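*Asks:* Quick one, fold the following:
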Amino acid sequence: MENIKAYVDTHKERFLDELIQLLKLPSVSADPAFSQDVLNTAEKVKDALLDAGCDHAEVCETPGYPIVFAEKIIDTSLPTVLVYGHYDVQPPDPVDLWNSPPFEPVVKTTDIHPEGAIFARGACDDKGQMYMHVKAMEFMTETGQLPCNVKFMIEGEEEVGSESLEWFVKNNKEKLANDVILISDTGMIAKDVPSITTGLRGLTYVEVEVTGPNRDLHSGLYGGAVANPINILSKMIASLHDENNHITIPGFYDKVVELSREEREEMAKAPFSLDSYRNALGIKDVYGEKGYTTNERNSIRPTLDVNGIWGGYTGEGAKTVIPGKAYAKISMRLVPHQEWQEIADLFQAHFESLAPEGVTVKVKPHHGGYPYVTPIDSDGYQAASKAYEETFGKTPIPQRSGGSIPIVSLFEKELKSKTVLMGFGLDSDAIHSPNEHFGLWNFYKGIETIPWFYHYFTEQKKS
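*Replies:* Numbers count the residues shown, from 1 in each chain. As a prediction, the model looks like this:
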C-alpha cells in the first residue's frame, strides 16, 4: 500500500467535492416525493464506481428501489471482498432545527473536528462512509495495488427496512459470492481510539393506532365522558416500562442471554467519560434499565422507545378537541437470540390487551431485523485490526454497537460469509438527527485505512 497517504492528500479536495455533489441529492427512501432523487442517486453511484476502476457496474432493478452492483475481478483464484453500503438517507425532519439546509452541504469546524466536518443529511449515514470505499478502490486501481477481487452492492432501502435486498440476495447468490463482506455504516469510540464493531442489535418497528369516538369532539361538551385516545395511548405506552425501566411485555426477555461478569468487565475497559457523555447531549443525568451501565444499556440490553407520537390539534393557537384517533411509532432494539417477528407478535398481543373498552387498538408491524455478533478470531476481523494499526498506530478495541444493520444476519444466512464492520463515524455525528455531519479527518482516514484491509485479508487467505 505504497503512497496511500500522499495520494489522499493530493486528491482530497476532489474527493470532498465529489462527496458534496452526492450529498446534494435528497435520496430519502421513506418519502415517495423523493423517488426520482433516489433513482438519480443510484445512477450517480454507478458512475462513481466505474470511474473508480470497476470493470462492470449496473443499476439492478428490484421490487423497490434499485441496487447498484459493481465488480472488478482480477484473478478468480484470489479472494473476493464484497462491499455493502446504502445510498438512501433518513428524512431531514425537523428541518427547522438544522443550522444549514440538509441537502446543501457545508463544511464547518467544530470542537471535535477542528479540521472541518461536512454537514448534510447522509454525510455519515451512509454516503460519506460508503464513498470512502469508492475512493479507496480508486487508489488501488490507479496505483496498481488492488490485491484481490472486489464487488460492490449499494442499496437504496436501508433506511426503510431493506425489503428488496433480501429478494436480491436470494436471487443473486452466485453473483454476490465472496470470502468476506465489508461494511462501513458504524462508528468508532473516538478519533484517537479506533474500534471495530463486533455486535449489532436487532430491530422490531411498529406503528400503533388508538381509536375512540367516530370524530373529534368538543372537549368541554364531552370531556370526562368519553375516552380520549391521546390520554389512553399515553397511559398504555407508560405502562410498557416498570419502575426499574424494565420492559413489561410478557415473554420479552425469555431469550435474552445475560453476559458473564468477565465479558462485562472486558466491555468496561473501553474509554468512556460519563461527564463528557452528558455534556455532549445537554442532559443532567443518564436514564435507563436499573443494574446496567450506560454502555451496557445501549449495546447488550434490549430496549423499547417511542419514535413519534401524534393526534388531535397540533397547529398554532388553541383548539379544544378530544381527538378521534392517536398514533405512535415504536421501535424495539433486540439482542442475540431475540427474533424480531416473535417480539412483534408479543408486543401486539400485550398492547392490545392494555386497551380499555372505550377504544380500539391496531398494531401495524413495519419492519425488523436480527441481531448479529461477529467473531474476533476470523480472518476478516484480524485483517481489519491490522489495517487500523497501520494508520492509527494502535490496536482497535472490539465494541458492540447499539445500532442495527438488519441485513448482516441475512448475508451470513444466504451468502455463508462473515461481515466485518469498519466504521469511521463518531457518536457525536448526529446521524438521523438535525445537523448530521462527518469529520473530514475521519473521511480521509477511512480512505487511507480501507486498502490496508484488502492487503492483509489477501495475505491471510494466501497463507
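
*Asks:* Only C-alpha atoms from now on, for both contacts and neighbour counts.
*Replies:* Fine.

*Asks:* Quick check: end-to-end length of stretch 221-234?
*Replies:* By CA to CA, to the nearest Å, the extent of stretch 221-234 from end to end equals 22 Å.

*Asks:* Report the buried residues of that stretch.
*Replies:* Across stretch 221-234, burial judged by 16 or more other CA atoms under 10 Å covers 227-230, 232-233.

*Asks:* roughly how far out does it sit from the chain middle?
*Replies:* Using CA atoms, centre = their mean, to the nearest Å, the mean C-alpha position of stretch 221-234 is found 37 Å from that of the whole chain.

*Asks:* One more: stretch 449-463?
*Replies:* Relative to the mean C-alpha coordinate of its chain, stretch 449-463 is positioned 26 Å out (CA atoms, centre = their mean).

*Asks:* try stretch 224-235
*Replies:* Taking the mean C-alpha point of stretch 224-235 and that of its whole chain, the gap between them comes to 35 Å (CA atoms, centre = their mean).

*Asks:* now what about that stretch, what contacts it?
*Replies:* Stretch 224-235 is contacted by residues 210-213, 311-312, 322-327, 355, 358-359 when judged by CA atoms under 8 Å, 6 or more residues apart in numbering.

*Asks:* is it true that residue 205 touches residue 328?
*Replies:* No: with contacts counted by CA atoms under 8 Å, residue 205 stays clear of residue 328, the gap being 10.9 Å.

*Asks:* So which of these two has more stuff around it?
*Replies:* A side-by-side neighbour count of residue 205 and residue 328, using other CA atoms under 10 Å, places residue 205 first with 24 against 20.

*Asks:* Now for the more buried one: which residues touch it?
*Replies:* 329-332, 344, 365-368.

*Asks:* In three-state terms, how would it be classified?
*Replies:* Recorded secondary structure, residue 205: strand (DSSP: H, G, I helix; E, B strand; the rest coil).

*Asks:* before we move on, the earlier item: now, the buried residues of stretch 221-234 that are in helices?
*Replies:* When DSSP state H defines the helices, the subset of those inside them is 229-230, 232-233.

*Asks:* now the strands for the stretch 151-300 of the chain?
*Replies:* Remark: strands assigned in the stretch 151-300 of the chain by DSSP state E, counting those that start in this stretch are 180-183, 195-200, 202-211, 217-218.

*Asks:* List the strands paired with the last one, with their directions.
*Replies:* Think strand 217-218. Listed by DSSP bridges, the sheet partners of strand 217-218 and their directions read strand 321-322 (antiparallel).

*Asks:* Could you identify the helix or strand that succeeds the partner strand?
*Replies:* From strand 321-322 onward toward the C-terminus, using DSSP states H and E, the following helix or strand is strand 325-334.

*Asks:* Give the next helix or strand downstream of that next one.
*Replies:* Counting by DSSP H and E, the element after strand 325-334 in chain order, helix or strand, is helix 340-353.

*Asks:* Tell me the buried residues in that following helix?
*Replies:* When burial is assessed from 16+ other CA under 10 Å, helix 340-353 yields the following buried residues: 340-341, 343-344, 347-348, 350-352.

*Asks:* next one: stretch 247-258
*Replies:* When burial is assessed from 16+ other CA under 10 Å, stretch 247-258 yields the following buried residues: 247, 249, 252-253, 256.

*Asks:* now, which of those residues sits nearest residue 201?
*Replies:* residue 256 (11.8 Å; CA to CA).

*Asks:* Out of the contacts of stretch 224-235, give me the one that has the most neighbours.
*Replies:* Among those, residue 322 has the most neighbours (other CA under 10 Å), with 27 neighbours.

*Asks:* Turn the ones in helices among the buried residues of stretch 221-234 into a markdown table, columns for distance to residue 119.
*Replies:* Listed next are those as a markdown table, based on distance: CA to CA, whole Å:
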| residue | distance to residue 119 |
| --- | --- |
| 229 | 39 |
| 230 | 36 |
| 232 | 40 |
| 233 | 36 |
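
*Asks:* With distance to residue 400 and pLDDT as added columns, please give the residues you listed in JSON lines.
*Replies:* Putting those into JSON lines (distance: CA to CA, whole Å; pLDDT from 0 to 100) gives the following:
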{"residue": "229", "distance to residue 400": "39", "pLDDT": "98"}
{"residue": "230", "distance to residue 400": "37", "pLDDT": "98"}
{"residue": "232", "distance to residue 400": "37", "pLDDT": "98"}
{"residue": "233", "distance to residue 400": "33", "pLDDT": "98"}
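
*Asks:* what about residue 91, how many residues close to it?
*Replies:* Residues near residue 91, counting by other CA under 10 Å, number 21.

*Asks:* I should have written residue 287 there, sorry.
*Replies:* What residue 287 shows, counting by other CA under 10 Å, is a neighbour count of 11.

*Asks:* For it, report the pLDDT, please.
*Replies:* Among the per-residue scores, residue 287 shows a pLDDT of 97.

*Asks:* the helices in this protein, which residues?
*Replies:* For the chain, the helices defined by DSSP H occupy 4-23, 35-51, 127-142, 163-171, 219-222, 229-238, 261-267, 274-281, 294-297, 340-353, 379-392, 407-415, 440-462.

*Asks:* hey, C-alpha coordinates of the first one in PDB?
*Replies:* Listed next in PDB are the C-alpha coordinates belonging to helix 4-23 (Å, rounded to 0.1, in the frame of the first residue of the first chain):
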ATOM      1  CA  ILE A   4      -1.700   6.000   0.000                       C
ATOM      2  CA  LYS A   5      -1.400   8.900   2.400                       C
ATOM      3  CA  ALA A   6       0.200  11.000  -0.300                       C
ATOM      4  CA  TYR A   7      -2.500  10.000  -2.800                       C
ATOM      5  CA  VAL A   8      -5.200  11.100  -0.400                       C
ATOM      6  CA  ASP A   9      -3.500  14.400   0.300                       C
ATOM      7  CA  THR A  10      -3.100  15.100  -3.400                       C
ATOM      8  CA  HIS A  11      -6.800  14.400  -4.200                       C
ATOM      9  CA  LYS A  12      -8.600  15.200  -1.000                       C
ATOM     10  CA  GLU A  13     -10.200  18.400  -2.400                       C
ATOM     11  CA  ARG A  14     -11.600  16.500  -5.400                       C
ATOM     12  CA  PHE A  15     -12.800  13.700  -3.100                       C
ATOM     13  CA  LEU A  16     -14.600  16.200  -0.900                       C
ATOM     14  CA  ASP A  17     -16.200  18.000  -3.900                       C
ATOM     15  CA  GLU A  18     -17.400  14.600  -5.300                       C
ATOM     16  CA  LEU A  19     -19.000  13.800  -1.900                       C
ATOM     17  CA  ILE A  20     -20.700  17.200  -1.700                       C
ATOM     18  CA  GLN A  21     -22.300  16.600  -5.100                       C
ATOM     19  CA  LEU A  22     -23.600  13.200  -3.900                       C
ATOM     20  CA  LEU A  23     -24.900  14.700  -0.700                       C
END
